[in-house]
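K.L.:
Quick one, what's the 3D model for this:
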Amino acid sequence: ENAPAGGGGVRTVMGELRAAIEKVVQRAVEPVGAGRTDAGVHGWGQVVSLDLPDDQDLAELERRINRLCGPDISVRDMTWASTADFSARFSAQWRHYRYDVLEAPSGHPLMARTSWHVRGPLDLRAMQLACDPLIGEHDFSSFCRRPKAVPGDPPASLVRRVLRADWREVPSDLVDGHGRLLRFEIRATAFCHQMVRSIVGTLVEVGTGSLRAGEVRGILLQRDRQAAGKVAPPQGLTLWEVGY
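P.N.:
As a prediction, the model looks like this:
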């Protein structure tokens, strides 16, 4: 789970990880993550690359990092990269996110940090149909926070290629008899800022009936952030997997 990047003593996952590694290896390191996440977003499948001494014992380093950072941060596997120029960020071919929505009459204390509580009812079939226009390569300006313009540079492209987008109901002992756990899965070659949360917010409006599934294509084509729904809260979102 990440926090905002920046100075001023703000605590971040990458900062905590860097400090733990430097404490163990007794040298400065510059870890690079596969992707940045907003405050409150989780990172189960985050990948980090960095340079280490050739004789570093990775098993011992993993054990000591987890002792220093756990349980909030956990290193699940460490291995040597197959190529010297491997980058967790730039070598990635795709990233996969999950977003969990708890549809229930009331919130669930044990799921409050990992899902968005929506009272519903939600039309799951309509939400599934609304995913179809998102597949493929499109300009996602309607679903992204536009980056600040750099004087003298052309505007940043918000064209992205989505490989998968779908909703399903998933079984959970925690919600048994209390509602439904609905999960949105999306995979793309790259994402822009707040893209997944903006898409989820819009698709949930389709589920509530505020929008029709057929309107999503029009929202996409408008390339206007004001055309889309509200941004879903961060706690339901997880960076689940990164492909190389």
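
K.L.:
So which residues of this protein form helices?
P.N.:
13-25, 58-69, 124-129, 195-208, 215-222 (DSSP state H).

K.L.:
Please work out how many residues are found near Trp240.
P.N.:
Trp240 is flanked by 18 other residues according to other CB atoms under 10 Å. For the C-beta atoms, the positions are set from N, CA and C on the backbone; glycine is no exception.

K.L.:
check contacts around it.
P.N.:
Residues counted as contacts of Trp240 (CB atoms under 8 Å, 6 or more residues apart in numbering) are Trp44, Gly45, His96, Tyr97, Arg98, Glu185.

K.L.:
Report the buried members of the residues you listed.
P.N.:
Among the contacts of Trp240, those scoring as buried are Gly45, His96, Tyr97, Arg98 (criterion: 16 or more other CB atoms under 10 Å).

K.L.:
Switch these over to JSON lines; also include distance to Arg225 and pLDDT.
P.N.:
Below are the buried ones among the contacts of Trp240 laid out as JSON lines (distance: CB to CB, whole Å; pLDDT from 0 to 100):
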{"residue": "Gly45", "distance to Arg225": "28", "pLDDT": "94"}
{"residue": "His96", "distance to Arg225": "24", "pLDDT": "98"}
{"residue": "Tyr97", "distance to Arg225": "19", "pLDDT": "98"}
{"residue": "Arg98", "distance to Arg225": "23", "pLDDT": "98"}
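
K.L.:
Distance-wise, check Gly120 relative to Ala104.
P.N.:
For Gly120, the distance to Ala104 equals 7 Å [CB to CB, to the nearest Å].

K.L.:
anything in contact with each of those two?
P.N.:
In contact with both Gly120 and Ala104: Gly179, Arg180, using CB under 8 Å, 6+ apart.

K.L.:
can you count the residues close to the closest residue to Trp116 other than its chain neighbours?
P.N.:
Nearest-residue entry for Trp116: Gly236, 4.0 Å, with adjacent residues in sequence omitted and distances by CB to CB, 6 or more residues apart in numbering. If you count neighbours by other CB under 10 Å, Gly236 ends up with 27.
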